[in-house]
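Visitor: Next input, structure requested:
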Amino acid sequence: NTTGIVVLKGISALGCPTDSVVKTVDIRPLPALVVTPSAPNICRGSSTTLTVAGQAGLTYAWTGGGQTSTSTSLTVTPTATTTYTVVGSDGTCTTSTSVTVTVTPPPVANAGPDRTVCPGVASTPLGTTSVTGLTYAWSPVTGLSSATVAQPTVTLPNSTGAPIVLNYALTVSSGPGCQS
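Guide: A predicted model of the protein is given here:
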């Protein structure tokens, strides 16, 4: 805190000095607030917790995304990218900051239609065209040309004469915790 004195001197309409008033002023600048999200980027349907740190003794008020709270932390599950604001107050002065939570829609996993293949002959590609920024994981890896591409082919040996049925699962990811 910084203390100062303000002196207000009156001047009449004729330019003569009149009464003066002396007041002590307490200047209390508040340090900036810091908001830390547990995850600044989330997949739609996921949550993140926003935690504020500031000068001891402040009270807080959160707004944004249709939510309000007076806690030091706020757990949010936005469906779209949203900015949250927190105001800290010591009863006289206020300070505020904002944080944006970026929401990514989950990617779409499409393994494509069922296939019938001949023994030892590569199938037409499974899945659909790859999308930049997405990662692909096929399971099981048996007979696949690659387990990490969008459109692998399947080549299976079969010397038994009986049909072999394999079900492949595809997981597509666009970041941590954002997959389908």
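Visitor: Check what pLDDT residue 77 gets.
Guide: pLDDT for residue 77: 96.
Visitor: Report the contact partners of the closest residue to it other than its chain neighbours.
Guide: Using Cβ to Cβ, 6 or more residues apart in numbering and skipping the chain neighbours, the partner closest in space to residue 77 is residue 47 (4.5 Å). No exception for glycine: its C-beta is placed from N, CA and C like everyone else's. Neighbouring residues of residue 47 by Cβ atoms under 8 Å, 6 or more residues apart in numbering: 75-77.
Visitor: and residue 95, how far is that from residue 127?
Guide: Separation of residue 95 from residue 127 (Cβ to Cβ, to the nearest Å) stands at 51 Å.
Visitor: Then residue 11?
Guide: As judged by Cβ to Cβ, residue 11 and residue 127 stand 84 Å apart.
Visitor: which regions of this structure lie under the pLDDT threshold?
Guide: Where the chain drops to pLDDT under 70, the residues are 1.
Visitor: The residue nearest the centre of the chain and residue 31, how far apart?
Guide: Centroid-nearest residue in the chain: residue 41, 2.7 Å away (criterion: Cα atoms, centre = their mean). Applying Cβ to Cβ, the value for residue 41 to residue 31 is 27 Å.
Visitor: likewise residue 133?
Guide: For residue 133 relative to residue 31 (Cβ to Cβ), the value is 39 Å.
Visitor: quick one: residue 157 from residue 110, how far?
Guide: The gap separating residue 157 from residue 110 is 27 Å, by Cβ to Cβ.
Visitor: quick one, which of the two is more surrounded?
Guide: Comparing residue 157 with residue 110 by other Cβ atoms under 10 Å, the one with more neighbours is residue 110, at 14 against 9.
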